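J.: The following block contains a protein sequence and its predicted model.
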Amino acid sequence: MLKLEKALIAQGDFAMRADFTLEAGRKYAVIGPSGAGKSTLLSAMCGFVPLAEGRMVWRGQDITDTAPDARDMTMLFQDNNLFPHLTVMQNVGLGLRPDLRLTVAQKQQVAQALARVELAAYEQSKPANLSGGQQSRVALARVLVQARPVVLLDEPFAALGPALRNEMLDLVQDLVAQTGAALVMVTHAPDDVHRIADEVIFVESGRAHAPRPAADLMENPPPELRAYLG
Ligand SMILES: Nc1ncnc2c1ncn2[C@@H]1O[C@H](COP(=O)(O)OP(=O)(O)OP(=O)(O)O)[C@@H](O)[C@H]1O
């Protein structure tokens, strides 16, 4: 579905290679040492970092030079990317229309997404008045309204405690199960991998390895992965 063909992803002095295909409806964890290039890989997939070599192909179409907002993907960044001066409802509405001129139907969609993440009562609140977990749920609601077929999450819940983090992961699983989206999630936590991932993309030494079934890989890690897991 989404293919990285002999891709070279470069940023400053850093470069990494990737050559694999992601399938619809699968959940991928991206793991690897700090600075190995996990965030860079996601940024390249959604078009914020151009490929230095190779191609990206989406459902048979070359999207190597397609702008980020024209790709069928949505990315949730580490800091949730909420705008402090906008209400919760407006922050979610941005997922549908950047100018926030929402139709009645779109406003309903936003309200439904907020209800799904149990934030219906906070539509008019500003992000600063919400807890960390609630802010994460606003960001998730924005991902939800976009309903794109590829969802990229870059360590979205790193700041949350274990219980809330698991709650968020379960919510993410529900969302992608409903829309049939492929999920690509960067994480440092092996528990997250066990909880959510079908497959693992291990990133190290300038390479994003092709996805491998999560259970198999975590039970029998190759030496580099074993060293990383400790
Ligand atoms: N904007 C940039 N310009 C130049 N180099 C960058 C830029 N962003 C990141 N890098 C470099 O790219 C490499 C990969 O960084 P990246 O953030 O993708 O790693 P990571 O695996 O996500 O790390 P972490 O787990 O610490 O978040 C690092 O060496 C980093 O210094």
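T.: Arrived safely, thanks for sending.
J.: What score does Leu100 have for pLDDT?
T.: For Leu100, the pLDDT comes out at 92.
J.: what residues are up against the nearest residue to Val176 once chain neighbours are set aside?
T.: Once flanking residues are discounted, Val176 sits nearest to Leu183: 4.7 Å by Cβ to Cβ, 6 or more residues apart in numbering. (Each C-beta comes from the backbone N, C-alpha and C, glycine too.) Applying Cβ atoms under 8 Å, 6 or more residues apart in numbering to Leu183 gives the contacts Arg26, Lys27, Tyr28, Val151, Leu153, Val172, Val176, Ile196.
J.: In JSON lines: those, plus distance to Asp99.
T.: Converted to JSON lines, the contacts of Leu183 look like this (distance: Cβ to Cβ, whole Å):
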{"residue": "Arg26", "distance to Asp99": "34"}
{"residue": "Lys27", "distance to Asp99": "33"}
{"residue": "Tyr28", "distance to Asp99": "33"}
{"residue": "Val151", "distance to Asp99": "23"}
{"residue": "Leu153", "distance to Asp99": "26"}
{"residue": "Val172", "distance to Asp99": "28"}
{"residue": "Val176", "distance to Asp99": "28"}
{"residue": "Ile196", "distance to Asp99": "34"}
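J.: Sitting in strands, which of those residues do you find?
T.: Lys27, Tyr28, Val151, Leu153 (DSSP state E).
J.: And the contacts of stretch 70-77?
T.: With Cβ under 8 Å, 6+ apart as the contact definition, stretch 70-77 has outside contacts at 42-43, 45-47, 58, 63, 95, 139-140, 142-143, 146, 148-154, 156.
J.: Cross those residues against helices and list the overlap.
T.: Leu42, Ser43, Met45, Ala139, Leu140, Arg142, Val143, Gln146 (DSSP state H).
J.: List just the nearest of those residues to Lys126.
T.: Of all these, Ala139 has the smallest distance to Lys126: 14.3 Å, by Cβ to Cβ.
J.: Could you find the closest non-adjacent residue to that closest one?
T.: Nearest one to Ala139, counting by Cβ to Cβ, 6+ apart, is Asn80 at 4.1 Å.
J.: Perfect, I'm done here.
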